[in-house]
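1. model this:
(4 chains)
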Amino acid sequence: MSAYTADEMMSIAAARALGEGMSCFVGIGLPSTAANLARRTHAPNLTLIYESGCLGAKPSRLPLSIGDGELADTADAVVSVPEVFNYWLQPGRIDVGFLGAAQLDKFGNINTTVIGSDYHDPKVRLPGAGGAPEIAASCKEVFVVLRQSKRTFVDKVDFVTSFGHGTGRGDRERLGLRGAGPTLVVTDLGLIRPDPDTAELTLTELHPGVELDQVVEATGWTLKAAADLKTTPAPTERELTLLRELKKAGE
Amino acid sequence: MSAYTADEMMSIAAARALGEGMSCFVGIGLPSTAANLARRTHAPNLTLIYESGCLGAKPSRLPLSIGDGELADTADAVVSVPEVFNYWLQPGRIDVGFLGAAQLDKFGNINTTVIGSDYHDPKVRLPGAGGAPEIAASCKEVFVVLRQSKRTFVDKVDFVTSFGHGTGRGDRERLGLRGAGPTLVVTDLGLIRPDPDTAELTLTELHPGVELDQVVEATGWTLKAAADLKTTPAPTERELTLLRELKKAGE
Amino acid sequence: MARVLSLGEAVAELVHDGDTVALEGFTHLIPVAAGHEIIRQGRRNLTLVRMTPDIVYDQLIGAGCASKLIFSWGGNPGVGSLHRFRDAVQHAWPSPLEIEEHSHAGMANRYVAGASGLPFAVLRGYTGTDLPAQTDTIKPITCPFTGEQLTAVPALNPDVTIVHAQRADRAGNVQLWGIAGVQKEAVLAAKRSLVTVEEIVDELEPRPGALVLPSWAVTAVAEVPHGAAPSYAAGYYERDNAAYQAWDEIGRDREEFGKWLNELTGVKA
Amino acid sequence: MARVLSLGEAVAELVHDGDTVALEGFTHLIPVAAGHEIIRQGRRNLTLVRMTPDIVYDQLIGAGCASKLIFSWGGNPGVGSLHRFRDAVQHAWPSPLEIEEHSHAGMANRYVAGASGLPFAVLRGYTGTDLPAQTDTIKPITCPFTGEQLTAVPALNPDVTIVHAQRADRAGNVQLWGIAGVQKEAVLAAKRSLVTVEEIVDELEPRPGALVLPSWAVTAVAEVPHGAAPSYAAGYYERDNAAYQAWDEIGRDREEFGKWLNELTGVKA
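-> Numbering: from 1, shown residues only, chains lettered A, B, ... in the order given. Just a heads-up that it's a prediction; the model follows:
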């Protein structure tokens, strides 16, 4: 088997999570890489929806932004931005919302707004919400993909840009949110899922060669591991080849 | 001068009321005839908007319905029905709403719903509102065109499908309606306008050869005439020729 | 993904007695053949929804398929009245017809709310008219920012929406051009949907003014050439104005209508 | 009807100090040349509005044109942060920048309300997030039919909206294709509007996926070839990704930015 990087393992694990025939609202960056890899491997009929209004985009190279011409040229339909949010996202038609994050907390809440405790005097001003709050609210479930570190995996996000599981299981139902929220977090170290009872993010799979201690160390809360902690299958040759072709074509 | 019918005089008088460069939300039937005649005579740049979503339609023949293919084929843009009502009519972008009616009352209120006092057991069930209530509410002003008779010009409509001036001047402002409401009624006998003070519909012009008594007789309330009652100029040869060509092409 | 079915299969599977059914179309692309199939299959107690019920709704009502009509303009465009509709409202023949009456702006926004997964829509509508007094589906609503009073209408979410379009590909993606009315919203607002099309093609060639409904937003597609006649399908055939005029004679008379109905359903008189 | 003006004339006439100005574009068709003209003409105290402020907004902010930003995602797409925006928010340089922050769904619906002549829009949005606590432009609203609680946002009605499109005809009708973002809504929501176009042509040939903004809905049209660069105009030129990357270096440093600004405005250093 070829050598591969932790980032490659992350993209491949994220791609594998997307089922054939599903529809996926795709954020740019890591989510877009994973979704496009899934279309090239096990899920050729995965429907990609971009917030620029491209429904069923089939890009031949990785888009640099959510509004690349390639997305419009290959889409089944291009609709306005109000339409993609109101007619397509909001009613809960889309199976998976695939998001990145700057900070993610123990209950899957996402911050992409500010680092620091004072919104008006932030340590770092981040880009903001974009489509994420409503993607996180309205898709049937949400996958998050980001590199794991104490800086990004925090006990409590500085700002809730997109609601995950709030303070624990039951919060989404109490707020009337229809989607299941984050059901999977894919990192460069493993797979993390909300505990069925508490919704606390819990390590369920380690990527090959990664130690449990290493993941706990890269997490800003005391990360629990599932009793039956598994190991992610290593990337196949085919997955690696297709991922590398995809990334090369996107450069 | 050629002989002409009262209906022809009505269509021509209605067409003349539409100013060059205006935009007009056109109901089917008499309003559509008048608007299309205006485009062929003094107002080539009159913008016609049909509720089927055709913006800037330039039909070469009279459409039979508001959704004729000819309207779409010649339009500057064809938009959805929600868009034509929400983005184009509702904000008050359109200068004139041009409506027909089954009943019209002393204050320009329109009925196209039921004849008879009991909505649930009507004497005659009419087609209903269509686009008229919001056309009457949102256009900068409203013209009504219909043949005059005691049956159609009533003291009080059996059902207010589209609001004119309610019970008199000031009612529109009290309800927060933005457009000026009906400012002109064109009939086969003359032109009728709301009194500046009371908003009661008042005869301001007789068509050539029509006597005042005749109009009063054809009205279900005691129709007042303006102090300076005028006579409509008779149709010109050009107007008649163009109207007849238009109607012939529409058959 | 949309399944490709025959019209008979699709109506049998998707339209049930008691359903709320919208057959939408705005002069253009009216799903007439599907309406006739509903009559043939003898559905009952339908709540029919359409902005502009025209002769196919007159036929459904006359055939006794409907117990309620939600609408904003019921007429024979360019001709006059719908006599079966009138007969049902004025004389409860062949059975009583409850009505829920709106304006076009209200109906369009009810579909928009339905398509958007919202329980209601807001518009400037109905002010000063007698319509709100006749229904509990028109209510005032206050802007939380300006205090201004506007009008709210509840979402329409039909059990099934049926529309007609020009084309679909074999995967069930639907392409429609020309006057599109409120068809997209009606399909997206519905729990199930059927699109009848003039033809099923290998590939949907892009064309000006065309919209595409992706296969995954549609339940079933049925190839029904001429399925919108006597209305029209831009690029395929013109409106048969004579048929609309002829309907006036048939619809006006219960006996004439009975003969028409027997012919449609294959019953010998 | 839209008047055909030069870019300089149009900006001078339509954009005033203190105005609320939306230069919309969604990766595609960003009206960059118009933004640069606003900088050259030295406008001040603008409230800038855009869903996705990118490098041209970074430049306007760095040049001191803006006192407030209404937005939902501010970044350099595919590259990283907007350093002039960050510098204004974190260090009030060159002047303080007030922010009014929303999500994309919220901003899109605010434009829709503005285009529709409504004071507010309703959506399922912001629930559970920290965004409502930071603004008085997000409020709860209750469905008058179901009692369900949803979210209201106020309409956006810019004093002037500027967008870029591929073509206009000599009468000022505008044709735009490819990703259309929220541009139609932004134009219709505004009191005045300017559309810069790649070219003015004799006739707008219909094409797949194109929308037309009628001349009577637009205040002015200006022919500005390459007016969206370094973003792209489908059918005319590609996105200059290198320019977006190069901006990261320039925007990161106040001095580098100053040099860039002097070059744009023709000031000798």
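2. OK, contacts around the nearest residue to residue C:146 once chain neighbours are set aside?
-> In this structure, residue C:146 finds its nearest non-sequential neighbour in residue D:119, 4.6 Å apart by Cβ to Cβ, 6 or more residues apart in numbering or on different chains. Every residue, glycine included, has its C-beta placed from N, CA and C. The contact partners of residue D:119, taken as Cβ atoms under 8 Å, 6 or more residues apart in numbering or on different chains, are C:143, C:145, C:146, C:148, C:150, D:113, D:154, D:155.
3. domain assignment for chain C?
-> What the TED database lists as the domains of chain C is C:3-102+C:157-263, C:104-154.
4. so what's the residue nearest to residue A:122 when sequence neighbours are not counted up against?
-> Distances taken as Cβ to Cβ, 6+ apart put residue A:114 closest to residue A:122, at 3.7 Å, once the chain neighbours are dropped. By Cβ under 8 Å, 6+ apart, residue A:114 lies in contact with A:122, A:123, A:124, A:125, A:126, A:158, A:159.
5. per-residue pLDDT, residue A:250?
-> Turning to residue A:250, the model gives it a pLDDT of 66.
6. tell me the bridge partners for residue C:121.
-> Following DSSP bridges, residue C:121 is listed with bridge partners residue C:153.
7. quick check: it touching residue C:113?
-> Yes. The criterion here is Cβ atoms under 8 Å, and residue C:121 meets it with residue C:113 at 3.9 Å.
8. list the residues that contact both of these two?
-> Counting by Cβ under 8 Å, 6+ apart, the residues touching both residue C:121 and residue C:113 are C:153, C:155.
9. which one among the contacts of residue D:119 gets closest to residue B:169?
-> For these, the closest approach to residue B:169 (Cβ to Cβ) belongs to residue C:148, at 22.5 Å.
10. got the phi/psi numbers for the nearest residue to that closest one once chain neighbours are set aside?
-> Once flanking residues are discounted, residue C:148 sits nearest to residue D:119: 5.4 Å by Cβ to Cβ, 6+ apart. Reported as degrees, to the nearest 10, the phi and psi values for residue D:119 are phi -80, psi -10.
11. ok, residue C:47 next?
-> phi -90, psi 110.
12. neighbours around it, how many?
-> Residues lying near residue C:47 (other Cβ atoms under 10 Å in any protein chain shown) number 18.
13. what sits against it?
-> C:19, C:20, C:21, C:66, C:67, C:68, C:69, C:70.
14. just those now: which is nearest chain B?
-> Checking the contacts of residue C:47 against chain B by Cβ to the nearest Cβ gives residue C:69 as the nearest, at 10.2 Å.
15. got the contact list for residue C:236?
-> With Cβ under 8 Å, 6+ apart, residue C:236 has these contacts: C:166, C:198, C:226.
16. could you measure from it over to residue D:77?
-> Remark: distance between residue C:236 and residue D:77 (Cβ to Cβ, to the nearest Å) = 43 Å.
17. direction included, what does the longest strand anywhere in chain A pair up with?
-> When chain A is parsed with DSSP state E, its longest strand is strand A:224-231. Counting by DSSP bridges, the strands paired with strand A:224-231 are strand A:201-206 (parallel).
18. which residues touch the partner strand?
-> Residues outside strand A:201-206 that contact it (Cβ under 8 Å, 6+ apart): A:104, A:106-108, A:182, A:185, A:189-195, A:212, A:215, A:223-226, A:229-232.
19. run the chain-centre distance for it.
-> Relative to the centre of its chain, strand A:201-206 is centred 15 Å away, using Cα atoms, centre = their mean, to the nearest Å.
20. for it, give the mean pLDDT please.
-> On average, the pLDDT along strand A:201-206 is 98.
21. rewinding a little: just the buried residues of the contacts of residue C:236.
-> The neighbour count (16 or more other Cβ atoms under 10 Å in any protein chain shown) marks C:166, C:198 as buried among those.
22. including secondary structure and distance to chain A, could the contacts of residue C:236 go into a markdown table?
-> Compiled in a markdown table, these are given as follows (DSSP: H, G, I helix; E, B strand; the rest coil; distance: Cβ to the nearest Cβ, whole Å):
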| residue | secondary structure | distance to chain A |
| --- | --- | --- |
| C:166 | strand | 15 |
| C:198 | strand | 19 |
| C:226 | coil | 26 |
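23. which residues of chain C fall in strands?
-> Using DSSP E, the strands of chain C run over C:3-4, C:20-23, C:46-50, C:66-71, C:98-101, C:120-123, C:139-142, C:149-154, C:160-169, C:174-176, C:192-201, C:211-213, C:220-223.
24. let's have those in CSV, adding distance to residue B:151 and mean pLDDT.
-> Below are the strands of chain C laid out as CSV (distance: least, Cβ to Cβ, whole Å; pLDDT from 0 to 100):
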stretch, distance to residue B:151, mean pLDDT
strand C:3-4, 53, 98
strand C:20-23, 34, 98
strand C:46-50, 29, 98
strand C:66-71, 25, 98
strand C:98-101, 23, 98
strand C:120-123, 33, 98
strand C:139-142, 34, 98
strand C:149-154, 31, 98
strand C:160-169, 39, 98
strand C:174-176, 42, 98
strand C:192-201, 42, 98
strand C:211-213, 44, 96
strand C:220-223, 47, 98
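25. got these as a markdown table, with distance to residue A:16 columns?
-> As requested, the strands of chain C are arranged in a markdown table below (distance: least, Cβ to Cβ, whole Å):
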| stretch | distance to residue A:16 |
| --- | --- |
| strand C:3-4 | 28 |
| strand C:20-23 | 40 |
| strand C:46-50 | 43 |
| strand C:66-71 | 47 |
| strand C:98-101 | 50 |
| strand C:120-123 | 41 |
| strand C:139-142 | 47 |
| strand C:149-154 | 43 |
| strand C:160-169 | 29 |
| strand C:174-176 | 32 |
| strand C:192-201 | 32 |
| strand C:211-213 | 30 |
| strand C:220-223 | 32 |
